[in-house]
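1. Provided below are the primary sequence and the corresponding predicted coordinates.
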Amino acid sequence: MGSRHSRVRGVAARAGGWSARHRWAAVGIWVLFVVLVMGFGSAVGRAEVKDSEQLKGETRTAAKLIEDAGIEEPASETVLVQSKDASLKATDDAFRAAVAAVVKAVDATGEVTGITSPYESRTVSEDGRSALVQFDMRGASDTAGERVQPVLDAVEETRKDHPSLLIEEIGGASMTKTFDKAYGDDFKQAEYSAVPVALGILLIAFGALVAALVPVLLAITAIMATMGLMSLVSHAIPMSDTADSVMLLVGLAVGVDYCLFYLRREREERAAGKDAETALRIAAATSGRAIVVSGVTVCVAMAGMAFTGIADFVAMGLASLMVVAVAMVGSVTVLPAVLSLLGERVEKGRLPFLRRRTAGHGSRFWSTVLKAVLAKPVLSVVVATGALLAVAAPAVGMKTQELTLDQEFGDSLPIVQTYNRVNEAFPGGSDPATVVVKARDINAPEVRSALAEFRERAISSGASRGPVEIKVHDADNLAFVYVPLVGGSDLDEAGASVDTLRDEVRPATLGEVAGVEAPITGQVAGSKDFSEQLIGSVVPVFAFVVVFAFLLMLLSFRSLTIAITSIALNLLSVAAAYGILVAVFQHGWGASLVGAEGVGAIVSWLPLFLFVILFGLSMDYHVFVVSRIREGRMQGRTTKDAITHGVVTTAGVVTSAAVIMVAVFAIFGTLSMQSMKQMGVGLAAAVLIDATVIRGVLLPAVMALLGEHNWYFPRWLRKLPDLTHDETPEAVVPGPRHRRDDEEPVRV
């Protein structure tokens with residue numbers, strides 16, 4: 001059989017062996033790596049995604065025209081002055097006095113420019129109860145939110161002096177300030193909660209403080225290193241705040257999971273009587289190998305986001321890929337070194353109220369479930385598949401859209417109520433379409449005539465009720481046309497108004513002038529462009545992720561059957577998660593339990609994002625369980641016995657890992673932003689389904705039905721690269737049995 005080290009193949013086993021033999025060097029290299037990338041990342045700073053890089057289509061063209069001209073649109077603000085009842089009109093002296101007071105108070109702050117009275121700009125509502133005072137913030141628009149507070153204070157003081165009127169401010173700067181605080185508070189809550197929750201679950205799982213701290217510390221250092229890498233990489237591929245949030249979520253989940261897999265296997269082998277060196281070697285060759293296969297699969301899935309061409313998605317995919325890769329490398333390098341250094345001290349800090357957990361004896365609960373599943377595999381497959389398809393059924397009617405302000409935050413923020421009041425009084429006024437007109441000479445008579453005709457037709461076509469404002473930048477031969485859209489906050493109706501402007505009004509007016517570019521942008525137009533681009537990327541992303549995941553499973557397990565069933569089970573898990581999302585957030589079934597009343601739709605980016613994330617993360621458990629089943633098969637067990645061995649012995653670690661993931665994702669389900677709620681609930685539900693119904697029932701039932709066909713690998717595929725490794729250095733040669741001509745011999 002050769003030496004005891006000669007049988008261990010693969011990068012994970014070799015890395016684990018080297019790290020265990022060079023413990024201090026491995027730890028030192030890891031610490032140096034984390035410190036250096038953080039230092040370099042901090043030194044070079046980070047490049048953020050620009051508006052002109054976000055999307056393709058008209059939205060991107062408009063942003064590029066503005067960027068090339070060097071024009072920085074100021075942050076525009078609006079103060080709504082509205083009578084609380086019908087008794088006071090904008091023409092009354094008291095109303096005029098309030099408007100004058102607002103203008104004076106805002107101007108006195110010194111932070112604004114270009115103040116216009118509603119009586120000059122004709123921004124008085126049809127019923128005469130509402131009027132808008134408009135102005136721009138001085139300075140850069142991206143920092144206006146930091147300087148808007150004195151203006152907000154001035155408006156609030158004016159409101160107190162006029163109790164018969166509603167006087168409220170809304171605009172780019174005030175919304176940025178409000179959302180940054182809400183967003184920041186949300187994620188502080190998530191960050192402060194996630195680590196203690198994960199640590200608490202690990203304490204219960206291991207019953208010892210040191211053993212629980214090791215996975216958390218490794219996950220945190222992986223996240224820190226990735227933050228530095230994101231800064232370095234951002235100068236080639238810009239990053240975004242959303243990418244930070246996703247990276248934290250994924251990094252904590254997979255970082256803890258990978259360590260958990262490794263540490264539990266090492267403890268299991270120690271409990272079985274192996275010495276420390278042998279236990280680490282077996283853990284490296286088994287769990288280490290499963291971590292590498294799983295990590296590469298997750299990275300491939302995350303890379304699929306690049307096919308969207310949407311800058312935020314590319315940033316999220318790259319950030320997730322990097323944190324998974326760093327966590328994977330840390331798990332198979334520095335973790336063996338830490339475990340070798342700690343030895344028996346990994347059991348330090350035992351909790352007296354928890355009995356010592358003996359690894360390797362399996363789970364009584366899952367043993368009972370598995371016994372029933374294997375006794376009637378056909379019934380188990382039918383019942384489990386039927387239940388999951390029933391859960392997935394609501395996904396057939398999924399409605400996706402960019403969430404409006406009131407959908408995203410509900411009534412939790414006062415500014416949302418202001419947004420709704422402005423839209424009711426001035427439909428489309430808070431989110432107008434912006435036509436960016438570029439001409440060789442913006443003041444040429446034919447261009448001026450086309451602009452005037454566009455303004456008239458925008459209203460006569462029914463796309464807008466006006467007023468349509470035109471702002472000309474003579475030096476740059478550029479003009480901005482602001483068109484309030486009929487439909488307001490109703491994105492379907494407002495989207496139809498954008499289509500009218502693009503397909504009817506523009507071609508008949510500005511489109512008749514040679515050399516004129518007139519892309520139409522704005523929040524509604526951008527939402528349409530985003531959705532169309534996202535829909536167009538579904539097929540390539542889906543194909544890339546599924547095909548590469550299939551190939552990785554095929555090469556890693558040398559089984560066509562396992563590769564096919566892996567993909568099928570993962571797709572079923574994702575479909576069930578979609579069904580839960582639609583049931584809760586679109587149909588409102590149980591929505592009150594997560595504070596999601598009245599949303600009525602799924603945020604447009606979530607289905608594709610969830611598919612990529614879930615398809616990657618679900619491979620964690622699948623690879624881990626199937627690797628253990630294959631290991632049992634290699635040791636000479638029958639397929640049925642190998643299934644029992646694999647599922648029961650991994651049940652504890654899979655359950656612990658799933659509980660941690662569900663808990664971390666569920667924290668995001670408690671945040672105030674509905675998009676974050678949807679992401680958290682979707683991820684938590686999918687992981688829960690995946691770790692219980694899929695891995696505990698469907699996987700063993702399907703494998704039991706397939707029997708020896710699980711290991712089918714046709715001759716014509718055997719020339720493919722062999723990425724399998726000996727899962728244990730102590731494999732037992734199976735007894736003689738008859739082998740089919742088309743079946744590959746069991747490797748030992």
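-> Nice, thanks for sending it over.
2. list the contacts for the closest residue to A596 other than its chain neighbours?
-> Sequence neighbours aside, F585 is the residue nearest to A596 in space, at 5.3 Å (criterion: Cβ to Cβ, 6 or more residues apart in numbering). Backbone N, C-alpha and C define where each C-beta goes, glycine included. By Cβ atoms under 8 Å, 6 or more residues apart in numbering, the residues touching F585 are 591, 596, 599-602, 674, 677-678, 681.
3. Check Q586 too.
-> By Cβ under 8 Å, 6+ apart, the residues touching Q586 are 394, 397-399, 599-602.
4. Of those residues, just say which sits nearest to E77.
-> Nearest to E77, judged by Cβ to Cβ, of the contacts of Q586 is V599 at 28.0 Å.
5. could you check the distance from that closest one over to K399?
-> Distance, V599 to K399, using Cβ to Cβ, to the nearest Å: 10 Å.
6. okay, those two: which has more neighbours?
-> Using other Cβ atoms under 10 Å as the criterion, V599 and K399 rank with V599 on top: 23 against 12.
7. thought the more buried one was touching S592?
-> No - contact criterion Cβ atoms under 8 Å: V599 and S592 do not qualify, at 11.7 Å.
8. Am I right that the residue nearest to A596 is in a strand?
-> No - under DSSP: H, G, I helix; E, B strand; the rest coil, F585 sits outside any strand and is assigned helix.
9. List the residues that contact the closest residue to R129 other than its chain neighbours.
-> Nearest residue to R129, sequence neighbours excluded (Cβ to Cβ, 6+ apart): S83, at 4.5 Å. Taking Cβ under 8 Å, 6+ apart, we find S83 in contact with 89, 95, 129-130, 164-166.
10. I'd like the residues you listed laid out as JSON lines, including pLDDT, neighbour count and secondary structure.
-> Listed next are those as JSON lines, based on pLDDT from 0 to 100; neighbours: other Cβ atoms under 10 Å; DSSP: H, G, I helix; E, B strand; the rest coil:
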{"residue": "K89", "pLDDT": "90", "neighbour count": "15", "secondary structure": "coil"}
{"residue": "F95", "pLDDT": "93", "neighbour count": "24", "secondary structure": "helix"}
{"residue": "R129", "pLDDT": "91", "neighbour count": "21", "secondary structure": "coil"}
{"residue": "S130", "pLDDT": "91", "neighbour count": "25", "secondary structure": "strand"}
{"residue": "S164", "pLDDT": "89", "neighbour count": "12", "secondary structure": "coil"}
{"residue": "L165", "pLDDT": "92", "neighbour count": "24", "secondary structure": "strand"}
{"residue": "L166", "pLDDT": "92", "neighbour count": "17", "secondary structure": "strand"}
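11. what's the closest of those to V216?
-> Distance to V216, by Cβ to Cβ, is smallest for L166 among those, at 49.4 Å.
12. Specify the beta-bridge partners of the nearest residue to that closest one once chain neighbours are set aside.
-> Take L166 and drop its neighbours on the chain: the residue closest to it by Cβ to Cβ, 6+ apart is Q82, 4.3 Å away. Assessed by DSSP bridges, Q82 has beta-bridge partners S130, L166.
13. secondary structure element for V681?
-> Element membership for V681 (DSSP states H and E) is helix 674-689.
14. Put the alpha carbons of that helix into CSV.
-> Output of helix 674-689 as CSV, limited to C-alpha atoms (Å, rounded to 0.1, in the frame of the first residue of the first chain):
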residue,chain,number,x,y,z
GLN,A,674,-37.7,45.7,1.6
SER,A,675,-35.0,44.7,-0.9
MET,A,676,-32.8,43.5,1.9
LYS,A,677,-35.7,41.7,3.6
GLN,A,678,-36.4,39.9,0.4
MET,A,679,-32.7,38.9,0.0
GLY,A,680,-32.5,37.7,3.6
VAL,A,681,-35.7,35.8,3.6
GLY,A,682,-34.9,34.2,0.2
LEU,A,683,-31.5,33.1,1.2
ALA,A,684,-32.5,31.8,4.6
ALA,A,685,-35.5,29.8,3.2
ALA,A,686,-33.4,28.3,0.4
VAL,A,687,-30.6,27.2,2.8
LEU,A,688,-33.1,25.7,5.2
ILE,A,689,-34.8,23.8,2.4
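15. Helix or strand next in line after it, which one?
-> Scanning forward in sequence from helix 674-689 by DSSP H and E, the next helix or strand is helix 699-706.
16. I'd like to know which elements that following helix is packed against.
-> Counting contacts by 3 or more Cβ pairs under 8 Å, 6 or more residues apart in numbering; DSSP states H and E, helix 699-706 packs against helix 364-375, helix 377-392, helix 560-581, helix 606-634, helix 639-668.
17. Tell me how far the first one lies from the chain's centre.
-> Read it as helix 364-375. On the basis of Cα atoms, centre = their mean, to the nearest Å, helix 364-375 is displaced by 35 Å from the centre of the chain it belongs to.
18. If I take that helix and helix 377-392, what angle do their directions form?
-> For helix 364-375 against helix 377-392, the angle by axes from the mean of the first three to the mean of the last three Cα atoms, to 10 degrees is 110 degrees.
19. hmm, back to that, filter the contacts of Q586 to the buried ones?
-> Buried by 16 or more other Cβ atoms under 10 Å: 394, 398, 599, 601-602, out of the contacts of Q586.
20. if we can go back for a sec, now the helices and strands packed on helix 699-706 in a markdown table, with mean neighbour count?
-> Below are the helices and strands packed on helix 699-706 laid out as a markdown table (neighbours: other Cβ atoms under 10 Å):
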| stretch | mean neighbour count |
| --- | --- |
| helix 364-375 | 16 |
| helix 377-392 | 16 |
| helix 560-581 | 22 |
| helix 606-634 | 25 |
| helix 639-668 | 23 |
